[in-house]
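Need coordinates for the following:
(2 chains)
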There are 2 protein chains.
Amino acid sequence: MLPGNMMDRPMTVPSILDFAAEIHGDASVVSARVEGDVHRYSYADAHRRVSRLAHALQALGVGDGDRVATLAWNGYRHFELYYAISGIGAICHTINPRLGPENATFVINHAEDRFMFYDLTFAPLVEALSPHLPMVEKYVLLTDAAHAPDSKLGPATYEELIAGEPTGYDWPVLDENTASGMCYTSGTTGQPKGVLYSHRSTVIQSLVTSLPTSFGADHTDIIMPVVPMFHVNAWNVPFSGLMGGSKLVLPGPGMDGASLYELIEQEKVTYSLGVPTIWLNLLAYVEENGLTFSTMKYTLVGGAALSEKIIKGYEKHGVRVRQGWGMTEMSPTGTTNFEDIGFYDLPQEQRIPVQLQQGKALPFVDMRLVSDEGEILPHDGVTSGHLQVRGPSILSAYYRYEGETLTMDGWFDTGDVAVIDGEGMMHITDRAKDVIKSGGEWISTIDIENVALSHADVVNAAVIGMPHPKWDERPLLIVQLVKAPKQTPTEILEYVCGELPKISRPDDIQVVDEIPIGATGKVLKTKLREMFKDYVLPDLREDSGTSSSMQGGEAEMIRKRNTKPGQPDKPGSGPFSFLRKK
Amino acid sequence: MLPGNMMDRPMTVPSILDFAAEIHGDASVVSARVEGDVHRYSYADAHRRVSRLAHALQALGVGDGDRVATLAWNGYRHFELYYAISGIGAICHTINPRLGPENATFVINHAEDRFMFYDLTFAPLVEALSPHLPMVEKYVLLTDAAHAPDSKLGPATYEELIAGEPTGYDWPVLDENTASGMCYTSGTTGQPKGVLYSHRSTVIQSLVTSLPTSFGADHTDIIMPVVPMFHVNAWNVPFSGLMGGSKLVLPGPGMDGASLYELIEQEKVTYSLGVPTIWLNLLAYVEENGLTFSTMKYTLVGGAALSEKIIKGYEKHGVRVRQGWGMTEMSPTGTTNFEDIGFYDLPQEQRIPVQLQQGKALPFVDMRLVSDEGEILPHDGVTSGHLQVRGPSILSAYYRYEGETLTMDGWFDTGDVAVIDGEGMMHITDRAKDVIKSGGEWISTIDIENVALSHADVVNAAVIGMPHPKWDERPLLIVQLVKAPKQTPTEILEYVCGELPKISRPDDIQVVDEIPIGATGKVLKTKLREMFKDYVLPDLREDSGTSSSMQGGEAEMIRKRNTKPGQPDKPGSGPFSFLRKK
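Next up is the predicted model:
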């Protein structure tokens, strides 16, 4: 190998801030604060404060490779921590407050965090956790002295910590493979597992998501990452946004529809990013109050599958929706569903099936499909298989984890089952562990859920496989309904069955008060499986005299058996009403 | 240092093609061929032919680290060579045919090229050079058997070479620091020097120039790199264009106004990139023939300073002009002059002074200004200094070069003198070797040239410093005029002086038939200095009875001394007419 004669210069996180402060110094970062007001400053101001913070961290004793925990919303102090912690060669470990006390304790101890920076919101949580965190030496509250409550932790406040420190800092020249950040998976199954990002992976992700075919924001955009900074670096928007020179709007603790709407309008946000749940809540708020968006033109939805409801709902308000897909383990973005030329000239019904797919891979994200037997499958738009990925921003091993992270030949199995077509369009048909194996075929629970979600009465839907002696498994549809549904569950099931191929038609429908959601906004199917562990499919019940002769025939029977149209099922009525209460 | 747990996957050139063929497989590459027709195919087709070529190269004996020379226009076969040569771990050495036979021989031997691929156009040149190229073992003509002329080199044709090879190729996993390409500087002073690009530097450049604030093209764009593929990888457009999924239009040998215009209109080019000379020629063609552009919206100009004439000329036809700046040694792009929000709402006269600056640095291109004494200078928009750069896509050493390439502390001195303002806007005021040092002040020759170029009679202009016993140096303006100038040289000089501060006013004007241009389109000031070595400034001539009492006073005197208005100087008349002939 003949090496090129190019400078051996690393691509590191602080160089993004240096760049941004010099080239887009006047661009602003606006933060809705826990303190209740709105804070605004420029990239150049941020650079000065990050320098102060870097000095302060060193004075505090933060050393090379130390893990520093953050428990904070999207805001400028959290943003400063991202840059200063990684800039001095330490690791910013963002903690998801939705993990719950037990998992939070686990991850802080597993990461061996020596320092913890936290928002006022989380002061009670941190105080409760602190006796169980023997490794944490210093607690810093992300506020100033005036806003600091009395605390038995006697923490320093952030503003006192950085006050008086110099506004310039000479970043050490780090190897770009140095760890810069850390995030634990939400751990819907088993204990959370740690993903340790490097400067290199973070910068590469920030670059590839800056392509016009991905997030592609520039200095003319006002972008609001609603996706939390406490999980997978808010999809790297705090980095990529700075490369483009965008105005950043950080929504702080106000993730409800009203707060988001007000901030979007006030700051003239043009572009936002977040998970479906957030957009559904915001949409509901906008609709209920007869409002619309006056500046927002685009929203990028990821973290969970996009629904027709979101696309249609936002388009009514002139907002286009683009889907992205990724995983904590992928830093996180793997695909974005950018639009072909003339896409928006097509009628909506033609567009939606395309928009509901996960999109096309970014550069340096290799994807392949593999069968249960380990055979590489074609990208033909039909064959589904285990989706495996590879690339410089994809993890090689979980942090301090004894199991195998990768396949024998070095790919990461996403746990998803997907189809990829000849143009690289990837469509996740299911989680491998959720897929329903019925009579030798794989049934996508996501397809069924999407149809259910397109019904006006359905707020949320989840499908799980129920054991069946003849077919192995058959789908059960579980729904959460609007307050005043217009149709009975039976009618809803009938609608859903009418939209699906025979094999995919659910055998039954069940209504719950609330579909359980995990720490990153995903449906907790494990919990649903637990809730429905005693449930029996209709044709297997002792009171059922018939047994369906073929798959997919069940719906017809249920239709006959259920309550009449116009008489909605009431919570608490019917044989399985116990399921509707937790 | 704690390393991140991310996969150790390299960013290499062939992975761009793999990506593009999968994700943007239907996007097309259109080439105006030397054979006279237009060739078109898809990225997916390109991928298959590149695979064939990779096999063919190995069959030919191209090994790891071998240098393979190309002498070719912008076209699909050259494009395939870019990917296949670097893909197998060899180095694509693009040769600039404008180097001249002597320099071409030098660079081929210096690089120790073992193979040479060349367009039909260059067959006579290659045959003439071949006796002097002892290291070249195989010659391949970039055509098919039907178009191949008889040749004493008995070369294989490209199409015969790749025919029958398999359409898939498993790229070796290369270290991303492996050399991928090579380009020699044009060598306006001294011998050409080789710059050896790596996969890493090429990919990083392709990514950062893909930012919306730089070239930022995507799948909705039809881009035409007129900047030649035989020099600095056509600014990496053959790579970045594929990342965005743009339709690529490669103009082949037709670099004249008529050919370019026809291709732009026929292929509906939206975006083009090239050097000022090309755009001036194209503009002249469009104007002379009463034409306009129907699809082209943007052009990126680099390689030499942009002029007001280009900006105004293209805007008249609805084409916006963005300036970029870089160097062969920088892979090459260092800055682009992206527009602030609302920039095009400003009146043209306010915009032009901004557009004439070189722009703002890309991420991972560090810039600094240094005084003659090595002191780091402020970025204040006023202080000028030696422009030095640093980054992962900037060379560390010329290839097999004994001298020092970098400064003691590892920066590359661009040889330019520049000013950078507080917002990172960089403005080159001169080449360090061209700057005129007059009475302790630095005079920018570029500023004077730009004013001269804004005169309707001036086709091209160059300013050189002439020795002066009192001021050390004073500027001499040398111009090439239109066929039928409306004003005398004296009147032109008067106009130029009227637009400049006193110190910068040229002491004299001289008209030449043609300003000499080097291999990369830049004015050869060395040649002008040679041409004017016996020239004496007006106030130093023996027939001059006066000596100006202060700098900048010379213009007034010349005005009085020269021919009357309305009586243009004729070539061949006057005391220095010998200068107008070579």
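
A:Pro14 should be in a helix, yeah?
Yes: looking at A:Pro14 with DSSP: H, G, I helix; E, B strand; the rest coil, it is inside a helix.

ok, now which ones touch it?
Contacts for A:Pro14 (CB atoms under 8 Å, 6 or more residues apart in numbering or on different chains) come out as A:50, A:83, A:86-87, A:171. Where you see a C-beta, it was placed from the backbone N, CA and C, and this is true even at glycine.

wait, what's in contact with the residue nearest to it when sequence neighbours are not counted?
For A:Pro14, the nearest residue in space outside its immediate sequence neighbours is A:Gly87; the separation is 3.7 Å by CB to CB, 6 or more residues apart in numbering or on different chains. Residues near A:Gly87 by CB under 8 Å, 6+ apart: A:12-14, A:17, A:50, A:54, A:169, A:171.

Now with 7 Å, please.
By CB atoms under 7 Å, 6 or more residues apart in numbering or on different chains, A:Gly87 lies in contact with A:13-14, A:54, A:171.

Mind picking the one among those that's closest to B:Asp413?
Proximity of the contacts of A:Gly87 to B:Asp413 (CB to CB) peaks at A:Trp171, which lies at 23.0 Å.

Now stretch A:444-454: average pLDDT?
For stretch A:444-454, the mean per-residue pLDDT is 89.

no no, stretch A:505-515
Mean predicted lDDT for stretch A:505-515 stands at 94.

End to end on that stretch, go ahead and measure it.
Counting by CA to CA, to the nearest Å, you get 20 Å between the two ends of stretch A:505-515.

what's the answer for stretch A:294-301, then?
Start-to-end span of stretch A:294-301 (CA to CA) is 19 Å.

list the buried ones in it?
By neighbour count with 16 or more other CB atoms under 10 Å in any protein chain shown, stretch A:294-301 contains the buried residues A:296, A:298-301.

how about it against chain B, any contact?
No: figure legend: stretch A:294-301 not in contact with chain B (CB under 7 Å from any CB of the partner chain); closest approach 13.2 Å.

Closest to the centroid, which residue in chain A?
Nearest to the geometric centre of chain A sits A:Gly303, at 3.0 Å (CA atoms, centre = their mean).

distance of that residue from chain B?
21 Å (CB to the nearest CB, to the nearest Å).

tell me the pLDDT at that residue?
pLDDT recorded at A:Gly303 is 85.

I'd guessed it sits against A:Val275; true?
Yes: between A:Gly303 and A:Val275 there is a contact under CB atoms under 7 Å: 3.7 Å.

Give the lowest-confidence helix or strand of chain A, using mean pLDDT as the measure.
Across the helices and strands of chain A, mean pLDDT, DSSP states H and E gives its lowest value to helix A:554-561, namely a mean of 40.

got the contact list for the closest residue to chain B within the stretch 101-250 of chain A?
Across the stretch 101-250 of chain A, no residue is closer to chain B than A:Ser198, which sits at 2.7 Å (CB to the nearest CB). For A:Ser198, the contact set (CB under 7 Å, 6+ apart) comprises A:176-180, B:3-4, B:6.

how about a cut-off of 8 Å?
By CB under 8 Å, 6+ apart, the neighbours of A:Ser198 are A:176-180, B:3-6.

What's opposite it in the beta bridge?
Judged by DSSP bridges, the bridge partners of A:Ser198 are A:Ala179.

any chance you could map the strands in the stretch 151-300 of chain A?
Using DSSP state E, counting those that start in this stretch, the strands of the stretch 151-300 of chain A run over A:156-157, A:179-184, A:194-198, A:222-225, A:247-250, A:271-274, A:298-301.

Can you lay out the ones you listed as CSV showing distance to B:Arg474?
Putting the strands of the stretch 151-300 of chain A into CSV (distance: least, CB to CB, whole Å) gives the following:
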stretch, distance to B:Arg474
strand A:156-157, 64
strand A:179-184, 55
strand A:194-198, 56
strand A:222-225, 52
strand A:247-250, 49
strand A:271-274, 54
strand A:298-301, 57
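
rank those by mean pLDDT and give me the bottom one.
Note on those: strand A:156-157 shows the lowest mean pLDDT, a mean of 91.

Flag every buried residue along stretch A:432-447.
By neighbour count on 16+ other CB under 10 Å, the buried set for stretch A:432-447 is A:432, A:434-436, A:438, A:442-447.

Make CSV out of those residues and add secondary structure and distance to A:Gly424.
Output for these, formatted as CSV (DSSP: H, G, I helix; E, B strand; the rest coil; distance: CB to CB, whole Å):
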residue, secondary structure, distance to A:Gly424
A:Ala432, coil, 21
A:Asp434, coil, 24
A:Val435, coil, 22
A:Ile436, strand, 27
A:Ser438, strand, 29
A:Trp442, strand, 22
A:Ile443, strand, 25
A:Ser444, coil, 20
A:Thr445, helix, 24
A:Ile446, helix, 20
A:Asp447, helix, 21
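
nearest to A:Gln388, of the residues you listed?
Relative to A:Gln388, the closest of the buried residues of stretch A:432-447 is A:Ala432; by CB to CB it sits at 10.9 Å.

and the gap between the closest one and chain B?
Counting by CB to the nearest CB, the gap from A:Ala432 to chain B is 21 Å.

residues contacting that residue?
Residues near A:Ala432 by CB under 8 Å, 6+ apart: A:386, A:415-417.

Which of those fall within helices?
Using DSSP state H, no member of those sits in helices.

most surrounded residue in those?
If you count neighbours using other CB atoms under 10 Å in any protein chain shown, the busiest of the contacts of A:Ala432 is A:Asp416, which has 25 neighbours.

Okay, that one and A:Ser454: tell me how far apart.
Distance of A:Asp416 to A:Ser454, given as CB to CB, to the nearest Å: 22 Å.

And A:Asp457, its phi and psi?
Phi and psi for A:Asp457, reported as degrees, to the nearest 10, are phi -80, psi -10.

Nearest residue to it in space, please, no chain neighbours.
A:Asp457 sits nearest to A:Pro485 (CB to CB, 6+ apart), 4.0 Å away.

what's around that neighbour, how many residues?
By the criterion of other CB under 10 Å, A:Pro485 has 19 neighbours.

For the stretch 201-350 of chain A, list the residues in contact with chain B, please.
Within the stretch 201-350 of chain A, the residues that sit near chain B (CB under 8 Å from any CB of the partner chain) are A:201, A:204, A:207-208, A:210-213, A:216-220, A:243-245, A:331, A:338, A:340-341.

Could you list the contact residues of the stretch 51-200 of chain A toward chain B?
A:64-65, A:89, A:91, A:174-175, A:177-180, A:195-200.

helix, strand or coil for A:Trp325?
Under three-state DSSP, A:Trp325 falls in the strand class.

rewinding a little: just the buried members of the residues of the stretch 51-200 of chain A next to chain B?
A:89, A:91, A:174, A:177-180, A:195-200.

Let me have those in JSON lines, extended by distance to B:Thr143.
Listed next are these as JSON lines, based on distance: CB to CB, whole Å:
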{"residue": "A:Gly89", "distance to B:Thr143": "56"}
{"residue": "A:Ile91", "distance to B:Thr143": "57"}
{"residue": "A:Leu174", "distance to B:Thr143": "50"}
{"residue": "A:Asn177", "distance to B:Thr143": "46"}
{"residue": "A:Thr178", "distance to B:Thr143": "50"}
{"residue": "A:Ala179", "distance to B:Thr143": "53"}
{"residue": "A:Ser180", "distance to B:Thr143": "51"}
{"residue": "A:Val195", "distance to B:Thr143": "52"}
{"residue": "A:Leu196", "distance to B:Thr143": "53"}
{"residue": "A:Tyr197", "distance to B:Thr143": "49"}
{"residue": "A:Ser198", "distance to B:Thr143": "47"}
{"residue": "A:His199", "distance to B:Thr143": "47"}
{"residue": "A:Arg200", "distance to B:Thr143": "43"}
